[in-house]
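S.K.: predicted model and sequence below, questions to follow.
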Amino acid sequence: MSRSSTERFVEHFVASNEFLQDELDGHRECFVHLINGTLANGVAESYLRTLANFHLDDTILSMAVDVVRDHMIPFHVDESLTTVDVCGTGGDGQNTFNISTTTFFVLAGAGFHVVKHGNRGVTSSSGSSDVLQELGIPVVASVETLHKIFDEVGSVFLFAPSFHPVLKHVVPIRASLGIRTIFNVMGPLLNPANPTHQLVGAYDEQAAQTMAKTLHRRGVEATVFHHLDGYDEWVPFGRGSCYRTAPQQAQVIKSERSYKEFHVPQASEKDLHGGSIKENAHILRQILQKEAEAPKIDTVCMNTAMAIQTIHPDTSLQEAMERARHSIASGAALTVLESMIKVSHVDS
């Protein structure tokens, strides 16, 4: 489909405000032109804004993910390794500190190979790469340097723009729109290391269910969840919906969990508030140094425990929480951070 044909399709889609499955090929062409930068910004904004009006279907999400992955620069890891990614969609509007980024270090300190895929803040003020940069880890690095970090530390952060250069055309469009779009949901599904396991937080339940179905299609063992108070992270109050995927399962399995199952005291929303990039980096380091307030440490341990259970479903939640707490208490999580900083700057 030519650009002019695609633009006519967008005009039709916007005017009809109707999503039809038999028009999937038209949507595929929209994404091809969108990521190649051959769709005018105004047309692209209209398309993404209209698409955001609909509940996401796993067929269009899978299609969009496939289009972007076709242009992805892969990060190869030993296929015999168990690898895991922990991330959220962002866009939940809760102004928390960087929970999944902190979880990255605690999970790595517990002995797991974490290949975290992340970006700068787009719909939030402080993305994972913003905080890592502030901590002294250069996120823009050569593939050789990243492999060296992974080989020596056992875990690594993969900066999304380095592996998805075609998405540079989408960045100004998303910034201009200032709303959640399909790209919030796509991000966690585009890890260039193809991790064997994922823990993913979603900004709403529909997104969680759709992402889980998409991961299930790809054969990834994952837990996708949404906290019913609006968070894309596990927090020490309220309940959350979980969608569990595994290759041996015929379908995605849904369950609900309460913070009480983690045996942590109930906290409040303000206990989890973050701030600027500098403030969030300080909070992350405080947690790893065992100097943060208990609710923040509990929150990170809860998310770490859920990741551990995703990898080892037979592990009890209590045992998973103990492994997470030990990673912090022993200094192992902090060692991962310091080692990553050191290795990142060797020969730089």
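M.R.: Good, I have the coordinates.
S.K.: okay, CA-based contacts and neighbour counts for the rest of this
M.R.: OK.
S.K.: run through the helices of the stretch 101-250 of the chain in chain order.
M.R.: Along the stretch 101-250 of the chain, counting by DSSP state H, counting those that start in this stretch, helices occupy 128-135, 143-153, 160-163, 171-177, 182-186, 205-217.
S.K.: could you list the domains of the chain?
M.R.: 3-54, 83-164+182-338 (automatic domain parsing).
S.K.: ok so, going back, and among the helices of the stretch 101-250 of the chain, the most buried is which?
M.R.: helix 205-217 (a mean of 23; mean count of other C-alpha atoms under 10 Å).
S.K.: got the CA positions of it in CSV?
M.R.: Taking Å, rounded to 0.1, in the frame of the first residue of the first chain, the C-alpha atoms of helix 205-217 are listed here in CSV:
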residue,chain,number,x,y,z
GLU,A,205,-6.8,-4.6,33.1
GLN,A,206,-7.7,-4.7,29.5
ALA,A,207,-4.1,-4.0,28.5
ALA,A,208,-2.9,-6.7,30.9
GLN,A,209,-5.1,-9.3,29.4
THR,A,210,-4.2,-8.3,25.8
MET,A,211,-0.5,-8.3,26.5
ALA,A,212,-0.8,-11.7,28.2
LYS,A,213,-2.5,-13.2,25.2
THR,A,214,0.2,-11.7,22.9
LEU,A,215,3.0,-13.1,25.1
HIS,A,216,1.2,-16.5,25.1
ARG,A,217,1.2,-16.5,21.3
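S.K.: and it, what other elements does it pack with?
M.R.: Packing partners of helix 205-217 (3 or more C-alpha pairs under 8 Å, 6 or more residues apart in numbering; DSSP states H and E): helix 58-69, strand 221-227, strand 239-245.
S.K.: Gly88 is nearest to which of these?
M.R.: Comparing the helices and strands packed on helix 205-217 against Gly88 with C-alpha to C-alpha, the closest turns out to be strand 221-227 (9.2 Å).
S.K.: between that closest one and strand 239-245, how big is the angle?
M.R.: Between strand 221-227 and strand 239-245, the angle comes out at 160 degrees (axes from the mean of the first three to the mean of the last three C-alpha atoms, to 10 degrees).
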